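Enquirer: Any chance you could fold what I've pasted below:
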Amino acid sequence: MKLNERSLAFYATCDSPADNTGFLYKRGERHTAYHRRWFVLKGNMLFYFEERESREPVGVIVLEGCTVELCDSAEEFAFAIRFGGTKSRTYVLAAESQAAMESWVKSLSRASFDYMRLVVRELEKQLEE
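Expert: The predicted model follows:
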């Protein structure tokens, strides 16, 4: 599948159901201040926007090959999306509450195709028994 900015922006804002949405604080990579962004999780893609009403995402994180874990941070309710490899970026996010953080960590942990493949294998195994 070929992706470009326009097709990603369309998918991010179309009426297809999202797996999770809400405001999170995202720590910048160079300037480590936190910025409040609107996040939309659809499948294995996590889109983030300047505002809830924004028509185009500021960025997208493809969640394949990542781990989601709680982390120490100046911000309360912080968690990290980490990718394997020495030069891979780690995204540090913070929710506005404990419940929101738990919801995001749970939905992000289940967002990859690897996770879905494991679920399908387990269901197939149960059908065989």
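Enquirer: need the helices for this protein, in chain order.
Expert: Listed in chain order, the helices of the chain (DSSP state H) span residues 5-13, 98-109, 113-128.
Enquirer: Output the contacting helices and strands for the shortest one.
Expert: Where contact means 3 or more C-beta pairs under 8 Å, 6 or more residues apart in numbering; DSSP states H and E, helix 5-13 is packed against strand 34-42, strand 45-49. Where C-beta positions appear, they are placed from N, C-alpha and C, glycine not excepted.
Enquirer: give the contact list for Leu8.
Expert: Leu8 makes contact with Met45, Phe47, Pro57, Val60 under the criterion C-beta atoms under 8 Å, 6 or more residues apart in numbering.
Enquirer: So which of the helices of the chain is nearest Thr32?
Expert: Thr32 lies closest to helix 98-109 among the helices of the chain, at 19.4 Å (C-beta to C-beta).
Enquirer: Show me which residues of that closest one are buried.
Expert: Ala100, Met101, Trp104, Val105, Ser107, Leu108, Ser109 (16 or more other C-beta atoms under 10 Å).
Enquirer: what sits up against it?
Expert: Residues from elsewhere that reach helix 98-109, judged by C-beta under 8 Å, 6+ apart: 19-20, 22, 24, 39, 41, 46, 63, 68-70, 77-79, 81, 93-95, 115.
Enquirer: May I have it exported as PDB, CA atoms only?
Expert: The C-alpha trace of helix 98-109 is given here as PDB (Å, rounded to 0.1, in the frame of the first residue of the first chain):
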ATOM      1  CA  GLN A  98      -4.600   7.600  35.900                       C
ATOM      2  CA  ALA A  99      -7.600   6.200  34.200                       C
ATOM      3  CA  ALA A 100      -6.700   7.900  30.900                       C
ATOM      4  CA  MET A 101      -3.200   6.600  31.100                       C
ATOM      5  CA  GLU A 102      -4.300   3.100  31.800                       C
ATOM      6  CA  SER A 103      -6.700   3.200  28.800                       C
ATOM      7  CA  TRP A 104      -4.000   4.600  26.500                       C
ATOM      8  CA  VAL A 105      -1.400   2.100  27.600                       C
ATOM      9  CA  LYS A 106      -3.800  -0.800  27.100                       C
ATOM     10  CA  SER A 107      -5.100   0.300  23.700                       C
ATOM     11  CA  LEU A 108      -1.500   1.100  22.400                       C
ATOM     12  CA  SER A 109      -0.200  -2.200  23.600                       C
END
